[in-house]
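predicted model follows, preceded by the sequence.
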Amino acid sequence: MESLESRLDYKFRNSLLLAEAMTHPSLAYESQRPHFDNQRLEFLGDAVLQLILTEDLFRMFPDFPEGKLTKLRSRLVSRRALARFAQTIDLGDYVLLGKGEEATGGRRRVSTLADAFEALMGAVYLDAGYEPCRELVLRLFQKEIEALAGSPEEKNPKGELQEALQAIEPEPPEYHIVSEAGPDHRKVFTARVEWRGMDLATGKGKSKKEAEARAAAEALRVRVWEKAE
């Protein structure tokens, strides 16, 4: 675990906390040690992350209402966002998994990575207290926080497209998934967006939601409905 500490630039005083944070419930189950896994630390780490990032966003955007602050925070602490942070420090390489979980690709699973990241932050909090944990979190999240500061308004191409079209007619656009390709773990979806019988655009993505968003973004770029007028 020393290499993980090196990646974090943080040295645990209590190494058992680190071991607990990296122990997936599947290993605890197989080893018949049901009380030694990272679920409790995950619970704590989730709350610690929420507080640290909420406090930072509260200070960074003094004029933003509660709703906007909540959306910004969700961009930082969603499961996929936390999994990405975990990947930047190769956290999956250090998670202790049961054989079954290992065999089914659990080491790269979004939920496993996100949970381990939360557990790790909970372990740091217990090991050192709030301020050192806060410093570590803000350092790890620095680039994402800077990106929020530069562009706090989350782009929502589907919402923008609907607003643009409903300014003309109240009928909303419709989205259809027209194809799926690739194996289950690497599927690519193609979505088409239509409005009033017009094909506006298509888009591809790793999820249906992403494909629809890209179709909407492309529709906003080409603006077929304006050419049809």
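Done, it's in.

hmm, Phe36 is touching Ala28, no?
Yes. Using C-beta atoms under 8 Å, Phe36 is in contact with Ala28, at 5.5 Å. Yep, even glycine has a C-beta here, placed from its N, CA and C like the rest.

which one of these two has more residues nearby?
For Phe36 versus Ala28, the count of surrounding residues by other C-beta atoms under 10 Å is larger for Ala28: 19 against 14.

correct me, but the more buried one touches Glu20?
No. Counting by C-beta under 8 Å, Ala28 stays clear of Glu20, with 9.6 Å between them.

between the two, which contacts overlap?
Phe36, Asp37 (C-beta atoms under 8 Å, 6 or more residues apart in numbering).

which stretches in the protein count as strands?
Using DSSP state E, the strands found in the chain span residues 174-181, 188-195, 198-205.

most packed of those strands?
strand 188-195 (a mean of 20; mean count of other C-beta atoms under 10 Å).

any idea how far that one is from the chain center?
Strand 188-195 sits 23 Å away from the centroid of its parent chain (C-alpha atoms, centre = their mean, to the nearest Å).

and the helix-or-strand element of the chain with minimal mean pLDDT, what does it pack onto?
In the chain, the helix or strand scored least confidently by mean pLDDT, DSSP states H and E is helix 25-30, which has a mean of 80. Contacts defined by 3 or more C-beta pairs under 8 Å, 6 or more residues apart in numbering; DSSP states H and E place helix 25-30 against helix 99-103.

got the buried residues for the helix it packs on?
Glu101 (16 or more other C-beta atoms under 10 Å).

chain center to stretch 162-175, what's the gap?
On the basis of C-alpha atoms, centre = their mean, stretch 162-175 sits 29 Å off its chain's mean C-alpha point.

and that stretch, how far apart are its ends?
Stretch 162-175 has an end-to-end distance of 11 Å (criterion: C-alpha to C-alpha, to the nearest Å).

cool, and stretch 9-29?
Stretch 9-29: ends 31 Å apart by C-alpha to C-alpha.

what does that stretch contact?
With contacts defined as C-beta under 8 Å, 6+ apart, stretch 9-29 is touched by 1, 4-5, 34-39, 41, 45, 94-98, 100-101, 106, 112, 115-116, 119-120, 122-124, 126-128, 132, 136, 139.

pull the longest helix from the protein.
The longest helix of the chain (DSSP state H) is helix 39-60.

so what's Thr202 up against?
Neighbours of Thr202 in contact, by C-beta under 8 Å, 6+ apart: Val178, Thr190, Ala191, Arg192, Val193, Ala215, Glu218.

the fourth one and Met198 touch, don't they?
To tie it back to what came earlier, the one meant is Arg192. No. Assessed by C-beta under 8 Å, Arg192 is found out of contact with Met198, at 10.8 Å.

before we move on, the earlier item: are any of the contacts of stretch 9-29 buried, and which?
Among the contacts of stretch 9-29, those classed as buried by 16+ other C-beta under 10 Å are 4, 37-39, 41, 45, 94-98, 101, 106, 112, 115-116, 119-120, 122-124, 126-128, 136.
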